[in-house]
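[1] have a look; sequence and predicted model below, questions after that.
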Amino acid sequence: DTAVSQTPKYLVTQMGNDKSIKCEQNLGHDTMYWYKQDSKKFLKIMFSYNNKELIINETVPNRFSPKSPDKAHLNLHINSLELGDSAVYFCASSPLDATYEQYFGPGTRLTVT
Amino acid sequence: QKEVEQDPGPLSVPEGAIVSLNCTYSNSAFQYFMWYRQYSRKGPELLMYTYSSGNKEDGRFTAQVDKSSKYISLFIRDSQPSDSATYLCAISLSGGSEKLVFGKGTKLTVNP
C-alpha cells in the first residue's frame, strides 16, 4: 500500500512545453510538499501546503504552480519548460505538527530536451 | 555561509566498520535535527530525528547533536552492504510549519 505516490515516474519533454506531475498521499497527513533534487543530489523545498493552503513558497519561478484540490493531493504544473528544470521532483507529506517526519514519494525524473 | 554543510564524500568502508557522518549548521535557533537515508533512484526516508541536544540510539544507528558546536553526527555500527545509500542531514527551526533545510548528502558504500 503506497503511502505517497507520484505520477508519472519519468517525464521527457521538449523546451517550451507545459507539463503536470500528480501526487497523492494516503497517510491522512495535513501537510504536503514539493522538492526539487538537482543533478548534484541537492534537495531543496519548493512549496508546502497545509490543508490546501499555501504555507511555504520558496523563490521558485512563477512558471511553477502548485495546486491542492484536497489535503490528500498536491499537483505541480510547470509552464514553458526550460533545460534547467531537468531534475527529480519529490512530493512529500507530514503530520501538521511534525514537519521533521516527512514521507517522500518515489520521485518524478523530468528531462527537458 | 550556507545554513547546513555536509561533506558529500563519497565514503567507502568495509563491512563491519563504524561509520561517522557529520554536518555543521550556522543558525543556533535550529531545534530539530534529522537524518534521512536515500537509496539510489528512491525517495528519502526518515532514519532518526533529535530534538535539541543529546544522543538518540536506534539499533545500529546513533544520532548525536552538539548545539554548542553546531555539529550533528550519525554513527552506524557494524555497517552492512545494505547501508549503502546517500545520507542527508536536515534541520528545522521547529516541529510546526517550518521548512526542512537539507545538507547535500554523503554517499556511503559499504563493501562486502
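    Structure's in. What do you need? Predicted model, so just to flag it, every value in this text is computed and none were measured. Residues are numbered from 1 along each chain as shown, chains lettered A, B, ... in the order given.
[2] now the residue nearest to the spatial centre of chain A: which helix or strand?
    What sits nearest the mean C-alpha location of chain A, by CA atoms, centre = their mean, is A:Trp34, with 3.1 Å. Using DSSP states H and E, A:Trp34 sits within strand A:31-37.
[3] name the residues that touch that strand?
    Here strand A:31-37 makes contact (CB atoms under 8 Å, 6 or more residues apart in numbering or on different chains) with A:23, A:25, A:43-50, A:55-56, A:66, A:68, A:71, A:73-74, A:76, A:87-96, A:99, A:102, A:104, A:107, B:97. (Each C-beta comes from the backbone N, C-alpha and C, glycine too.)
[4] write a PyMOL command that selects only the buried members of these.
    This is the PyMOL syntax for the buried subset of those, where burial follows 16 or more other CB atoms under 10 Å in any protein chain shown:
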select buried, (chain A and resi 23+25+43+45+46+47+48+49+50+55+56+66+68+71+73+74+76+87+88+89+90+91+92+93+94+95+99+102+104+107) or (chain B and resi 97)
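[5] note down every partner strand of the strand holding A:Trp34 and its orientation.
    Next to strand A:31-37 in the sheet, as set by DSSP bridges, lie strand A:43-50 (antiparallel), strand A:87-94 (antiparallel).
[6] okay, the last one in CSV with CA atoms only?
    Translated: strand A:87-94. The C-alpha coordinates for strand A:87-94 follow below in CSV (Å, rounded to 0.1, in the frame of the first residue of the first chain):
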residue,chain,number,x,y,z
ALA,A,87,15.7,17.3,-12.1
VAL,A,88,14.0,14.8,-9.9
TYR,A,89,10.9,16.2,-8.3
PHE,A,90,9.8,14.7,-5.0
CYS,A,91,6.4,15.0,-3.3
ALA,A,92,6.3,14.5,0.5
SER,A,93,3.8,14.7,3.3
SER,A,94,3.9,15.0,7.1
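[7] report the rounded mean pLDDT for it.
    Strand A:87-94 shows a mean pLDDT of 96.
[8] helix or strand right after that strand?
    Downstream of strand A:87-94, the first helix or strand assigned by DSSP H and E is strand A:103-104.
[9] and the next element down the chain from that following strand?
    Downstream of strand A:103-104, the next assigned helix or strand under DSSP H and E is strand A:108-112.
[10] residue of chain A closest to chain B, please.
    Chain B sits closest to A:Phe104 of chain A, with a gap of 3.2 Å, by CB to the nearest CB.
[11] can you tell me the closest non-neighbouring residue to that residue?
    Excluding the flanking residues, the one nearest A:Phe104 by CB to CB, 6 or more residues apart in numbering or on different chains is B:Gly43, at 3.2 Å.
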